[in-house]
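In: Structure for this input, please:
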Amino acid sequence: MAPKITVIGTGYLGATHAAAMAELGFEVLGLDVVKEKVELLSAGRVPMYEPGLEDLLAKHVAGVEGSTGRLRFTMDWAEVAEFGDIHFVCVNTPQKHGEYGCDMSYVDSAMESLAKHLGRPALVVGKSTVPVGSAERLAARLVELAPAGGEVELAWNPEFLREGFAVQDTLHPDRIVVGVRSERAEALLREVYATPVAEGAPFVVTDFPTAELVKTAANSFLATKISFVNAMAEICEAAGGDVVKLAEAIGYDDRIGSKFLRAGVGFGGGCLPKDIRAFMARAGELGVDQALTFLREVDSINMRQRAQAVELARQACGGDFLGKRVAVLGAAFKPDSDDVRDSPALNVAGQIHLQGGQVTVYDPKAMDNARRVFPTLSYAPSALDAVRGADIVLHLTEWREFRELDPADLGSVAARRVVIDGRNALDAAAWRAAGWTLRAMGRPRA
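Out: Residues are numbered from 1 along each chain as shown. This is a model prediction of the structure:
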């Protein structure tokens, strides 16, 4: 008989994982401590925007017409413990307030709340991104608190989801990493992931520390690559080079590759910034802080790009934002997402607002979240409305909708045809043909 699966925490990661496990054929019970979220998911709806997720939920949530009924949601810890053979813990690990370290309070609370009800053999699987060494401590805590004692085992299975592609990444992962201590734990996880493994996904078996390090190492490498090309953009600005052509040229080298070499306002979101900072903090605790000092510069370069976008816009406005109307296209930290956590677009918009600019923002999906974070900014129902009367336009999130805008239509409503391409994604020739002055980051002469 197939194991029954529970998912603790039904945010971005957990909701996607729960729906994907149901799609793979398992009976799944999701738990969250937020009543409104449980009610929403139980109706087959999602509390965030993620392409394909709501369709997948509707396909499997019990009570939705035509569904398989394999997926349910609850707030009852005892029900979860009784139902599940394998418990995936998918709760958030944010950055601590006022410091770089990772806040483990949600993971600790979830593990302890679950453990108290585990009266029979179970495998608890951590998916949250945690500081190395956490799994060792949590494994001992589970045994200490669970009525079943040593029959409750821990494994670590880091997630590698990309927002905007989370459903695809869960059902068809490019690798599966499991940190285990027994053949039983490995066998159970091989059963869970049998379908993607059969499709060719590599299944990497490690110890606890390695499994914990894989996610932070991967994110640190990606962040480094993004900041590297943004450092080259700074050099190109000073030397009169073209960072897009530079990235194209070095990207042909198989040792480097072209992915993550687009210069712009930098990275944001709920993962890369806080993960590299937590990694640095943990390295310091382990006494090897010098191994990751380069990540401080990676972080610094990333933040400088936001300031550089503001400065380019200020120069284009004649050196002062006072009285200027500024249209910002984009609020989410990346396209195909409504996530505005540490969003470069909103950060730039906020800085310009503080310097006296009259900022109006439009984003296809992230408007509600943006309003909650920056209620003092103005928001428009469309790109055309955002640009109406604007002295300058900033393109800061590379949504397809923005790339497909008709620059002539926008030019007919703008006060001045000036655009800053903060993502190097617009068709510069088309915008200039429509009478726009376009300035792209890292391309002073392009």
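
In: And the strand or helix carrying A155, what does it pack against?
Out: Using DSSP states H and E, A155 sits within strand 152-156. Strand 152-156 is packed against strand 122-126, helix 134-145, strand 176-179, helix 183-192, helix 208-239, with contacts defined by 3 or more Cβ pairs under 8 Å, 6 or more residues apart in numbering; DSSP states H and E. C-beta here means a position set from N, CA and C on the backbone, and glycine is covered the same way.

In: list the helices and strands the longest one packs on?
Out: Based on contacts counted as 3+ Cβ pairs under 8 Å, 6+ apart, the elements that helix 208-239 packs against are helix 134-145, strand 152-156, strand 176-179, helix 243-251, helix 272-285, helix 294-316.

In: Any chance of the helices and strands packed on strand 152-156 in JSON lines with mean neighbour count, mean pLDDT and distance to A429 as columns?
Out: Shown next, in JSON lines, are the helices and strands packed on strand 152-156 (neighbours: other Cβ atoms under 10 Å; pLDDT from 0 to 100; distance: least, Cβ to Cβ, whole Å):
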{"stretch": "strand 122-126", "mean neighbour count": "26", "mean pLDDT": "98", "distance to A429": "50"}
{"stretch": "helix 134-145", "mean neighbour count": "18", "mean pLDDT": "97", "distance to A429": "51"}
{"stretch": "strand 176-179", "mean neighbour count": "22", "mean pLDDT": "98", "distance to A429": "44"}
{"stretch": "helix 183-192", "mean neighbour count": "17", "mean pLDDT": "98", "distance to A429": "50"}
{"stretch": "helix 208-239", "mean neighbour count": "19", "mean pLDDT": "97", "distance to A429": "19"}
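
In: can I get the ones you listed in TSV with distance to S105?
Out: TSV is the format used below for the helices and strands packed on strand 152-156 (distance: least, Cβ to Cβ, whole Å):
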stretch	distance to S105
strand 122-126	15
helix 134-145	12
strand 176-179	22
helix 183-192	26
helix 208-239	18
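
In: quick revisit: export only the CA atoms of the strand holding A155, formatted as PDB.
Out: Listed next in PDB are the C-alpha coordinates belonging to strand 152-156 (Å, rounded to 0.1, in the frame of the first residue of the first chain):
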ATOM      1  CA  VAL A 152      10.200   8.400  14.300                       C
ATOM      2  CA  GLU A 153      13.000   9.200  11.900                       C
ATOM      3  CA  LEU A 154      14.100  12.500  10.200                       C
ATOM      4  CA  ALA A 155      15.300  13.000   6.600                       C
ATOM      5  CA  TRP A 156      16.200  16.200   4.800                       C
END
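
In: which one of the helices and strands packed on helix 208-239 lies closest to Y100?
Out: Smallest distance to Y100 across the helices and strands packed on helix 208-239 (Cβ to Cβ): 4.0 Å, for helix 272-285.

In: so that closest one versus helix 134-145, what angle?
Out: Interaxial angle of helix 272-285 relative to helix 134-145 (axes from the mean of the first three to the mean of the last three Cα atoms, to 10 degrees): 80 degrees.

In: Export helix 272-285 to CSV, keeping only CA atoms.
Out: Written as CSV, here are the backbone C-alpha positions of helix 272-285 (Å, rounded to 0.1, in the frame of the first residue of the first chain):
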residue,chain,number,x,y,z
LEU,A,272,18.3,34.3,-2.6
PRO,A,273,18.9,37.4,-0.5
LYS,A,274,18.0,35.8,2.9
ASP,A,275,19.7,32.5,2.0
ILE,A,276,23.1,34.0,1.2
ARG,A,277,22.9,36.1,4.4
ALA,A,278,22.0,33.2,6.5
PHE,A,279,24.8,31.1,4.9
MET,A,280,27.3,33.8,5.9
ALA,A,281,25.9,33.9,9.4
ARG,A,282,26.2,30.2,9.8
ALA,A,283,29.7,30.1,8.4
GLY,A,284,30.6,32.6,11.1
GLU,A,285,29.1,30.4,13.8
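
In: Give me the average confidence score over that helix.
Out: The average pLDDT within helix 272-285 is 95.

In: circling back: out of the helices and strands packed on strand 152-156, which gets nearest to R439?
Out: The nearest among the helices and strands packed on strand 152-156, by Cβ to Cβ, is helix 208-239 at 10.6 Å.

In: ok, back up a step: which parts of the helix or strand just after the strand holding A155 are buried?
Out: Per DSSP H and E, the first helix or strand lying C-terminal to strand 152-156 is helix 166-171. Residues of helix 166-171 classed as buried under the neighbour-count rule (16 or more other Cβ atoms under 10 Å) are 166-167, 169-171.

In: The nearest residue to Y49 once chain neighbours are set aside and V61, how far apart?
Out: Spatial nearest neighbour of Y49, excluding adjacent residues (Cβ to Cβ, 6 or more residues apart in numbering): D338 at 3.8 Å. Between D338 and V61 the distance is 21 Å, computed by Cβ to Cβ, to the nearest Å.

In: The helices and strands packed on strand 152-156: which one's closest to K334?
Out: Among the helices and strands packed on strand 152-156, the nearest to K334 by Cβ to Cβ is helix 208-239 (11.4 Å).

In: how much does the closest one deviate in direction from helix 243-251?
Out: Going by the same axes, to 10 degrees, helix 208-239 makes 130 degrees with helix 243-251.

In: ok so, going back, for D338 and V61, indicate the residue with more neighbours.
Out: Under the criterion of other Cβ atoms under 10 Å, the comparison of D338 against V61 puts V61 first, with 25 against 20.

In: tell me which element the residue lying closest to that one once chain neighbours are set aside is part of?
Out: Take V61 and drop its neighbours on the chain: the residue closest to it by Cβ to Cβ, 6+ apart is G44, 4.4 Å away. For G44, there is no host helix or strand (DSSP H and E).

In: Check the burial of G44 by counting its neighbours.
Out: Neighbourhood size, G44 [other Cβ under 10 Å]: 21.

In: Return the residues in contact with it.
Out: 54, 57-58, 61, 63-64, 67 (Cβ atoms under 8 Å, 6 or more residues apart in numbering).

In: picking up where we left off before, can you tell me which of the buried residues of helix 166-171 is nearest K274?
Out: Within these, proximity to K274 (Cβ to Cβ) peaks at A166, which comes in at 18.0 Å.
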